[in-house]
Structure formats: structure tokens, C-alpha cells
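Colleague: generate coordinates for the sequence data below:
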Amino acid sequence: MVRLWTWFASFVMPDGVLVLAAVGFLRPGGLPNWALPLEQAFAYLVLVTGVLLGLYIRHTRILLALLLLALADRALLNLSGVEAASAGIDRIVFNAVALLLPLNLLALALITERQILISREMIRLILIVVQAFLVGWICLPDNAAVAAALESPFVDLRFTNWTPIAQAPLLAFGVALALQAVRFTAYRNPVDRGFFWALVAVFLALHGTRTGWSPTNYLATAGLLLIIDAYAEIYRSTYFDELTGIPGKVALDQALFNLGQRYAIALIDIDHMKQINATHGYAAGDQILRMVATKISAMPHDGAAFRDEGNKFVVVFPGKQAVDVLPHLEELRKTVETSSVTLRAPRRLFRKAAAPVQVSATISIGAAERDERRSTSEQVIKAAEVALARAKSGGGNHVKARVEGKVQAT
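Modeller: So this is what the prediction gives:
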């Protein structure tokens, strides 16, 4: 239940709350008269901010998504009626936007952000422009059959009469939303969450045309969500280790800078990691790293865990002495010693898969505390390194602490 609530909170916050706020405040009459100029400037602020951020961080997915949203906004605003058109060219344009926009956003969500290549980005840009011409082509009288296909129902209309969006676009929205929910559950990537809620905002932009809602406000909300989660991804990649999910080196440096007058630091190193990688492969080593990180995070203590580099983790205990944390560190050592990860062999056609292999590891821990001799975090870490070296001697799988210049064992 706790894990389900954690997933739900990370999925809904802050994007779902922002979408709910948009429904409350950006609908007609949702804002007082004095705030209407802010509403009118909202879309421009989002566009400018998104373009500047996308260029600065070289996030082409955000730039292309903003372009798609802007093109969709212009297309919808050029419709002759306030509501979604019921016939003619207006209806064709509405259906085409409703079908193509979720599919394009899904495609952008699925591609991997790599180093910018002008040729690749030009191809993506050309594909977007081609779709705009495709919509114009569908609007020609000779292509009435294609236009009718966008509107053709494949289930009873009673199930979809609640929205002006045709059934084919509804299916596109459903598939895109389902895939993004699955991707976020699997990878917990803020950008995947952003694309999910951006799709929700786009749906509201299209659905709300029936009641006179401005599509611009909700398309701008979609852009804002993508910007926020792009920034969240920058923060996550900067402060958190991608492999283990715990805070990384940058976060550790900040934590060490903000320590008080009393604290202890523990260095944790996985024993014989080179041998594990050589015997079972680097994928096994990665699983071991994730397992150890999980055990450290689950340890009942008041410390903050970080991945330093390589096979080393650091736990900072504010307000503690080494003697206070040694029992917890010894319990952690025993927990890791009795744990293992399961390696499953890849399936091969016409061959029976090999039996799963259990791989275990041990850890060595060195701890030290701040005292009169060691007044800086660098000095405490050096003392912990001395204790760690003693713990690793003789094969490792020990806990040592350096207290008052002497190395103590648990």
C-alpha cells in the first residue's frame, strides 16, 4: 500500500494538480477580470520560456512538442465556430488535429534524447511540416473519403457522444495515455509523466471546445507541464544516480557543505566487485549495486545515503557519533551478506533457458566521526577511508570505525 501511494503521489504531483488548477481557473469565468491580461499572456510566456529552456539544455523533444502545440493552437483558432465544427473543412481540421497531435506527442515521448544532430532534427521537423500539408490535402474535395474515415465510428456512438472528439482520435489518446502511464511506472522518468499529463491537457483543449473553452489555455498548460518535467529531469540527473536512484556526488558535496558540529560518516564498498563483473558480467554488477543501494536506503537510521563513485557509497549521519551508528552498520553488513540477486539467462529459440543463477556479495564499511582532531568533512572522510581499508583487509566483509585515532571493530 505504501509503494502504491508513493507511485500515485509521484505520478500526480505536481502535474495532475496543475491540470486540475487549469480546469478551475482557465475555463471561461474562472479568473477575475483583473487577471485576464495574465491569462492572455500565459501562452506567450510558456512558449518563450520553453524555447529558451529547450535551446539551453538542447532538449529537442521539448522544442518539437512546443511547435506541435503551437501549430495545433493556430489550426483550432482558425475554425469558424467557437465550438468544434460539426461539418465541412472545420470538422476535418478538428479531427486531423485530434488524431495527429496525441500520436506525435507519443512519438516524441518514445524517442531517446541524444546528442543533437542537425540532420536528424531536420528530418523530424520536415515530418511535422509534411503532416500540416497532409491535413490541407485531406481538406480537398477529391479526398472526401479520407476525411470521412477520420469520422467513421467503430463502436456505438452512444458511448462517445459525451465528447466532440471522434472515435479514432479517442483511441489514439487512449493508447498514448496507457503507454505513457506504463513507461512512467517502469522508469519513473519525469519527462514520461510530463507527456502523460500534457496529453490530458490536450484532450481538455479539444473536448472543451464544445462548451466554449479556449484551446489555447490548455495547450499552453500542456507546454508548461513539459517544461516543468524537463527541468525535473535535469534536477534528477544532476542530483541522483541514474543506476541506483539514490542521491549522487553533487548531492553529497552539498550535504557535506551543510553539516553541523557533530556528525559521523560511513564509507561502504562492495567487496570483490571486479570478480563479480568478470564472472557474471556487468549487468550482474549493476544488479548488485542496485540491491546494496536499496538495503542502505532501507536501513533504520537518521542518515542520508549517497552513491559516491564506482562501488562506493557514503552515508552521512548528522548529529551522531560513530558509536551510535555502528550497530546499524553491522546490521546492514549482515543484511547484504544474506541477500542475493537472481540472474536469468536470455531465452533462445529452440533451446531451453538455463537455470537462474543466484549472485551474492558482501560489503566492507569504514566509519569515522567529527572530533577535535578532525574538524572538516574532508578529514572525517579520510579517517573513514583508513577504517574502510582495515575493514577490507583479509577479504573484507567487516565494519570498522576510527574513533579517537584508533580503529575499532564491531
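Colleague: isn't A368 right up against R374?
Modeller: Yes - shown here, A368 and R374 form a contact pair, counting by C-beta atoms under 8 Å, at 6.9 Å. Any C-beta I mention is one placed from the backbone N, CA and C, and that applies to glycine too.
Colleague: got the phi and psi for R370?
Modeller: phi -80, psi 130 (degrees, to the nearest 10).
Colleague: returning to that earlier point: overlap of the contact sets of A368 and R374?
Modeller: V380, A383 (C-beta atoms under 8 Å, 6 or more residues apart in numbering).
Colleague: so which of those two has more stuff around it?
Modeller: A368 (27 against 19; other C-beta atoms under 10 Å).
Colleague: the residue nearest to the more buried one when sequence neighbours are not counted in helix, strand or coil?
Modeller: Once flanking residues are discounted, A368 sits nearest to A383: 3.6 Å by C-beta to C-beta, 6 or more residues apart in numbering. Under DSSP: H, G, I helix; E, B strand; the rest coil, A383 falls in the helix class.
Colleague: what mean pLDDT does whichever strand or helix holds T6 get?
Modeller: Using DSSP states H and E, T6 sits in helix 2-12. In this model, helix 2-12 has an average pLDDT of 85.
Colleague: now do the buried residues in it.
Modeller: F11 (16 or more other C-beta atoms under 10 Å).
Colleague: what do you get for stretch 49-67?
Modeller: Neighbour-count burial for stretch 49-67, with 16+ other C-beta under 10 Å as criterion, is recorded at 50-51, 53-54, 59-67.
Colleague: what residues are up against the nearest residue to N95 once chain neighbours are set aside?
Modeller: Nearest non-adjacent residue to N95, counting by C-beta to C-beta, 6+ apart: L150, 4.0 Å away. Applying C-beta under 8 Å, 6+ apart to L150 gives the contacts I92, N95, A96, L99, I138, A166, A168, P169.
Colleague: among those residues, which ones are buried?
Modeller: I92, N95, A96, L99, I138, A166, A168, P169.
Colleague: what's the helix or strand for the third one?
Modeller: Mapping A96 onto the secondary structure by DSSP H and E places it in helix 88-110.
Colleague: mind saving the C-alpha coords of that helix as PDB?
Modeller: Output of helix 88-110 as PDB, limited to C-alpha atoms (Å, rounded to 0.1, in the frame of the first residue of the first chain):
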ATOM      1  CA  GLY A  88     -17.100  20.700 -43.600                       C
ATOM      2  CA  ILE A  89     -13.500  21.700 -43.600                       C
ATOM      3  CA  ASP A  90     -13.600  22.900 -40.000                       C
ATOM      4  CA  ARG A  91     -14.600  19.400 -38.800                       C
ATOM      5  CA  ILE A  92     -11.900  17.800 -41.000                       C
ATOM      6  CA  VAL A  93      -9.200  20.000 -39.400                       C
ATOM      7  CA  PHE A  94     -10.500  19.300 -35.900                       C
ATOM      8  CA  ASN A  95     -10.500  15.600 -36.500                       C
ATOM      9  CA  ALA A  96      -7.000  15.700 -38.000                       C
ATOM     10  CA  VAL A  97      -5.600  17.700 -35.100                       C
ATOM     11  CA  ALA A  98      -7.300  15.400 -32.600                       C
ATOM     12  CA  LEU A  99      -5.700  12.300 -34.300                       C
ATOM     13  CA  LEU A 100      -2.300  13.600 -35.100                       C
ATOM     14  CA  LEU A 101      -1.400  15.600 -32.000                       C
ATOM     15  CA  PRO A 102      -1.500  12.700 -29.500                       C
ATOM     16  CA  LEU A 103       0.300  10.400 -31.900                       C
ATOM     17  CA  ASN A 104       3.000  12.900 -32.400                       C
ATOM     18  CA  LEU A 105       3.400  13.600 -28.700                       C
ATOM     19  CA  LEU A 106       3.600   9.900 -28.100                       C
ATOM     20  CA  ALA A 107       6.300   9.600 -30.700                       C
ATOM     21  CA  LEU A 108       8.300  12.400 -29.100                       C
ATOM     22  CA  ALA A 109       7.900  10.700 -25.700                       C
ATOM     23  CA  LEU A 110       9.300   7.400 -27.100                       C
END
